[in-house]
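>>> after the sequence you'll find the predicted model.
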Amino acid sequence: MNNERVDQIIEKHNGEANSLIQVLLEVQNENRWLPRQALERISEKLQVPLTRIQHIATFYKAFSLVPKGRHEIHICMGTACHVRGSQNVLDAVKNLTGINPGETDLDLKFSLETVNCLGCCALGPVMEIDGQIHGKLSPADTAGALKKYE
Amino acid sequence: MPRINSSAELEKLRESILSKIDPNKRTITLCSGTACHATGSKEVASSIEEEISKQGLSDQVDIRKTGCHGFCERGPIIVIQPEGICYLQIKPEDVPEIVSQTIKQNQILERLVYVDSVNEEKIIHETEIPFYKNQQRLLFGNNIKIDPKSIEAYLALGGYSALAKVLFQMTPEQVLEEVKKANLRGRGGGGFPAGIKWEGSRNAPDDTKYVIVNADEGDPGAYMDRSLLEGNPHSVLEGLAIGAYTIGAREGYIYVRQEYPLAVENVGLAIKQAEEYGFLGENILGSNFKFKVIVHQGAGAFVCGESTALMTALEGRAGEPRPKYIRSNIKGLWEKPTVLNNVETWANIPLIINEGADWFTQYGTETSNGTKIFSLVGKINNTGLVEVPMGMTLRDIIYKVGGGIHRGRKFKAVQTGGPSGGCLPDDLLDLQVGFDELTQAGSMMGSGGMIVMDEDTCMVDVARYFLEFLTDESCGKCVPCREGVRQMLKILTNITQGKGKDGDIELLEELGETAKEISLCALGQTAPNPFLSTLKYFKDEYEAHIKGKKCPALYCKELIAYYIDPEKCQACMACLKKCPSDAIIGGKKTIHVIDQDKCTKCNTCFDVCPPRFNAVKKISGEPVPSPIPEEERIIAKGSKEK
Amino acid sequence: MTKTLITIDDKEVEAAEGMTVLEAAQSVGIAIPTLCHNEKLEPYGGCRICTVEAEVNGRKKLVVSCVYPVEQNLVVRTRTEKVNRVRKMILELLLSHAPDSKQLQDLAKIYGADKDRFEKEASFCIHCGLCVRYCAEVKKKNAVGFINRGAKREINFNPELAVKECWNCKECFPLCPTAALQAAYVFIEAQISSTPSFEFEKN
């Protein structure tokens, strides 16, 4: 993301230091990750120390300092899904993709994350990929679900 | 749309809206909350729109996409007004028939109505369905009546009349008295009386004050606030404006988790609409009161649901809580007096103002007034959002409203209060739900998550699960939580893996005491609760894990083995084909055997073995029987007939 | 300045309004152990070892003295059974990170803390935050900060700023109760010196 676009986003939030998190969220959503150069630009424009931005970028789960895959897999580990067997689904997906939660595979195809409650408890265990919900999953179903994604 | 500049103009507008509504006009109400989207309600919506247009009924039939109805287990759901005919689990293919038969010819499609699981009675009308009938939907009931993207729909229900009453007929002190009289206790978890919190801020000598809606809803399994914000955002805005007027705030924030995009969208839209009409902004309803609301999205941290951490996040910092020795209603956001309340708490305010504190206190118990929305989830038949009066028993909620345990299993425990709460066993099922009652029993109300567990749930694992969650979400500032909770997790993980030893329980209790007494915030202070409550009520499971190296619920992977009973196996190959680790040896007509070295305990074979054979068993605490000799595994034709 | 009368360990203490219990105790020479506290910095309340028992209107509770404000008629006890227990536990948890820290060892002797109670941890850092806070509040350079949260939290030097500022400063080094600071800095030094041409990239 170039500095011009970063500046636009900062402007939108009135260049205020307390909108830091909102600015970062917009950059993250648009760019799919937070490049170092964007953080430095934000630090300069909002007059906020870079170390504070780095703390925020690593404190909150929404942010990623490395590029994400084309498809983000979110596996719900909420309590309701947990009692319905989400751990087994997670293990199956880990096996199939070869990555752990928080990681992205080498082809930049999948990024895997666990989330705490997608609020679709009636469909538990639940996996969400690119906004699409796959519900009532058993470990055996996961291979079929993942095959659909290029 | 011209601004409304007085109470009279508001009523005139309302009359004009109501006059355009024909109560007898056919309306198809479709639940369009996030949970129903997940079951396909968007496709159903398109199908309905298409079919209505195709059959030339666009003028005669309204389509209303609403927020969550609550009966999430049976979504997508439609309710056809004015009769209140309720159809469940609709697919797009059902729509043409619904339109031709029910809409055009008033014929009920029996296959789509609710069927009682006990007496098999068919129930057509939504209000008669036990799930809804046994609730008291003071707040949630409106979700089904309105399109959340329409401010006029909210006005038609009487929306913003409470704000008008407060601005023109009441002083801030009178509003405060009413809220105090209603004894509205915080619905976010703390149960602190809202009126007292407001009073502190009102009396604080500062010209700048703030009000905040806590919509961070981080408890896993809880999504009530999302459904209120998605389904009826104006009710929260109205409550917030009333609160601002009472304490003297001119600015308010809604802190919503970014994981709730539809809620963010709907509340943003509601704010814009309210500003257009003059319910927010300068000179609200023509009065001297000015108030603006800003939406701020969370960025993925459970700890930001804690009020001081939330304020720190609003200030653009990492969400580390602050000591609460000086209360945030005196020194909160930017050191100014701040009232922070939960979504549901704010949504109750217009009700209390319109109907009065006396009306409100007729619901609930002496110390817990009003209703509470719970997310009833887990091993329950009727998963969904339920609103019941305080004082209803757990038994009634789980069995009358919830329809009992999933798949006919046996009830074991119900967990309330999220990661800060505890698990209550079956001999406490007659406990009346209320803030103090739940706390005394070793749990707490929390935000309203109610997770039902059955005999297949391992309670030691439940404690481990919550500690894992909290270790991940801890902000890391204070030692008792960052270090102590993590050590508790280590010990519990070892216990679930068969590595528990004598002294573990005592060490867990000691770590728990430290966390409880001196953690910086409630996350750490309540972290020991799931462990302490499961230890209190399910001590035998801990002892089985530690001493017997056995998991009685047959869940903990390191302590169980999967075994195919040779007497029952019919060699159908269902499990063999699906096993992801190729761990099953056998073939057609050859009894299957699990290679224990390859087995990853994924549970697939257990899931796919046909119920009529029921050959896959889970064993714990005893050695796996050796496989029968190969020769004996061949099934001769006809030899296995029952 | 209005005076507030409190009692600490049965001793009457006149404290100024707005003082913390720790400050009041220190003003009369009553020792309360601290790890994350420093007069030059804002109170942090992270290590919790300065916990004391406070009694207000007959109700006793444990409070963290470096941030707890004095109030009229407060009764404070700096050593009770419970206080001793929690301090011992804090030390044991921290000793798993930095068993060789002199400060921790001295306190461990007083409270009977066992440095081997918990398995040894990979990181020396006890997160007292003194280095981060000193650089932010006193030097105003923000060359070192925290990253991540929970148990994964660590201190992190910003390489570009470290190159510019830390060589000639290192004022935070003596503040560190363990060897963590030196370790983090040396690591960054190594990183910087191993990079062939190290340059800022502006825009």
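It's in.
>>> how about the contacts made by the most centrally placed residue in chain C?
Note on chain C: the residue nearest the mean C-alpha position is C:Cys36, at 1.1 Å, using Cα atoms, centre = their mean. By Cβ atoms under 8 Å, 6 or more residues apart in numbering or on different chains, C:Cys36 lies in contact with C:44-47, C:66, C:128-130. All C-beta spots, glycine's among them, are computed from the backbone N, C-alpha and C.
>>> equivalent analysis for B:Leu340, please.
Residues in contact with B:Leu340 (Cβ under 8 Å, 6+ apart) are B:211-212, B:214, B:307, B:310-311, B:328, B:332.
>>> is stretch C:87-100 anywhere near chain B?
Yes: Stretch C:87-100 comes into contact with chain B (Cβ under 8 Å from any Cβ of the partner chain), by way of C:89-90, C:93-94, C:96.
>>> contacts for that stretch, please.
B:479-480, B:483-484, B:487, B:510-511, B:514, C:33, C:35, C:47-49, C:51, C:101, C:104-105, C:107-108, C:111-115, C:117-121, C:123-126, C:177-180.
>>> same check on stretch B:423-430?
If you take Cβ under 8 Å, 6+ apart as the criterion, stretch B:423-430 is touched by B:393-395, B:398, B:411-416, B:431, B:438, B:441-443, B:453, B:459, B:462, B:530, B:533-534, B:537-538.
>>> now that stretch: mean pLDDT?
The average pLDDT within stretch B:423-430 is 96.
>>> identify each buried residue in it, please.
Residues of stretch B:423-430 classed as buried: B:423-425, B:428-429 (neighbour count, 16 or more other Cβ atoms under 10 Å in any protein chain shown).
>>> next: stretch B:486-493.
Residues of stretch B:486-493 classed as buried: B:486-489, B:491-493 (neighbour count, 16+ other Cβ under 10 Å).
>>> about what we covered before: for the residues of stretch C:87-100 next to chain B, which one is nearest A:Arg84?
C:Leu93 (35.0 Å; Cβ to Cβ).
>>> show me the contacts for B:Leu167.
With Cβ under 8 Å, 6+ apart, B:Leu167 has these contacts: B:7, B:245, B:284-285, B:287, B:289.
>>> please repeat the previous calculation with a cut-off of 10 Å.
When the contact criterion is Cβ atoms under 10 Å, 6 or more residues apart in numbering or on different chains, the partners of B:Leu167 are B:6-7, B:175, B:241-242, B:245, B:284-289.
>>> that one: helix or strand, and which one exactly?
In the assignment (DSSP states H and E), B:Leu167 maps to helix B:161-169.
>>> next SSE downstream of that helix?
helix B:172-182.
>>> returning to what we had before: can I get the contacts of B:Leu340 in TSV including distance to chain A, neighbour count and pLDDT?
Output for the contacts of B:Leu340, formatted as TSV (distance: Cβ to the nearest Cβ, whole Å; neighbours: other Cβ atoms under 10 Å in any protein chain shown; pLDDT from 0 to 100):
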residue	distance to chain A	neighbour count	pLDDT
B:Val211	17	31	98
B:Ile212	14	26	97
B:Asn214	16	27	97
B:Ser307	17	30	93
B:Leu310	12	28	96
B:Met311	11	27	96
B:Ser328	17	24	93
B:Gly332	14	25	95
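>>> in helices, which of these fall?
Judged by DSSP state H, those include B:307, B:310-311 as members of helices.
>>> for the residues you listed, which one is nearest B:Val264?
B:Leu310 (15.9 Å).
>>> three-state assignment of residue 14?
In the absence of a named chain, chain A is used. coil (DSSP: H, G, I helix; E, B strand; the rest coil).
>>> that one - how many residues pack around it?
8 (other Cβ atoms under 10 Å in any protein chain shown).
>>> check what pLDDT it gets.
What the model reports as pLDDT for A:Asn14 is 87.
>>> and stretch A:10-28, which residues are buried?
A:10, A:13, A:18-28.
>>> kindly format the C-alpha coordinates of it as PDB.
Extracted in PDB, the C-alpha atoms of stretch A:10-28 (Å, rounded to 0.1, in the frame of the first residue of the first chain):
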ATOM      1  CA  ILE A  10      -5.400   8.900   8.100                       C
ATOM      2  CA  GLU A  11      -7.200  12.000   6.800                       C
ATOM      3  CA  LYS A  12     -10.500  10.200   6.900                       C
ATOM      4  CA  HIS A  13     -10.000   9.800  10.600                       C
ATOM      5  CA  ASN A  14      -9.100  13.500  11.000                       C
ATOM      6  CA  GLY A  15      -5.400  12.700  11.700                       C
ATOM      7  CA  GLU A  16      -6.200  12.100  15.300                       C
ATOM      8  CA  ALA A  17      -3.800  10.000  17.400                       C
ATOM      9  CA  ASN A  18      -6.700   8.200  19.200                       C
ATOM     10  CA  SER A  19      -8.000   6.900  15.900                       C
ATOM     11  CA  LEU A  20      -4.800   4.900  15.600                       C
ATOM     12  CA  ILE A  21      -6.600   1.600  15.900                       C
ATOM     13  CA  GLN A  22      -9.300   2.500  13.400                       C
ATOM     14  CA  VAL A  23      -6.700   3.600  10.900                       C
ATOM     15  CA  LEU A  24      -4.800   0.400  11.300                       C
ATOM     16  CA  LEU A  25      -8.000  -1.600  10.900                       C
ATOM     17  CA  GLU A  26      -8.700   0.100   7.600                       C
ATOM     18  CA  VAL A  27      -5.200  -0.500   6.300                       C
ATOM     19  CA  GLN A  28      -5.400  -4.100   7.400                       C
END
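>>> does that stretch come close to chain B?
Yes: using Cβ under 10 Å from any Cβ of the partner chain, we find that stretch A:10-28 touches chain B at A:16-26, A:28.
>>> so what pLDDT did B:Asp116 get?
84.
>>> likewise B:Pro337?
Confidence for B:Pro337, expressed as pLDDT, is 97.
>>> my guess is it contacts B:Asn329, does it?
Yes: B:Pro337 is within contact range of B:Asn329, at 5.9 Å (criterion: Cβ atoms under 10 Å).
>>> which parts of chain C are strands?
Using DSSP state E, the strands found in chain C span residues C:3-8, C:11-16, C:51-56, C:59-64, C:75-77, C:144-147, C:154-157.
>>> do you know which of these lies nearest B:Val295?
Smallest distance to B:Val295 across those (Cβ to Cβ): 27.8 Å, for strand C:144-147.
>>> which helices and strands sit right next to the closest one?
Contacts defined by 3 or more Cβ pairs under 10 Å, 6 or more residues apart in numbering or on different chains; DSSP states H and E place strand C:144-147 against helix A:50-59, helix C:130-137, strand C:154-157, helix C:180-194.
>>> quick one: classify the residue nearest the centre of chain A as helix, strand or coil.
In chain A, the C-alpha nearest the mean C-alpha coordinate belongs to A:Ala62, at 5.4 Å (Cα atoms, centre = their mean). With three-state DSSP as the basis, A:Ala62 sits in coil.
>>> what's the distance between the residue sitting furthest away from the middle of chain A and chain C?
Ranked by distance from the centre of chain A (Cα atoms, centre = their mean), the top residue is A:Gln47, with 26.7 Å. A:Gln47 sits 12 Å away from chain C, going by Cβ to the nearest Cβ, to the nearest Å.
>>> equivalent analysis for A:Lys45, please.
Counting by Cβ to the nearest Cβ - A:Lys45 and chain C are separated by 12 Å.
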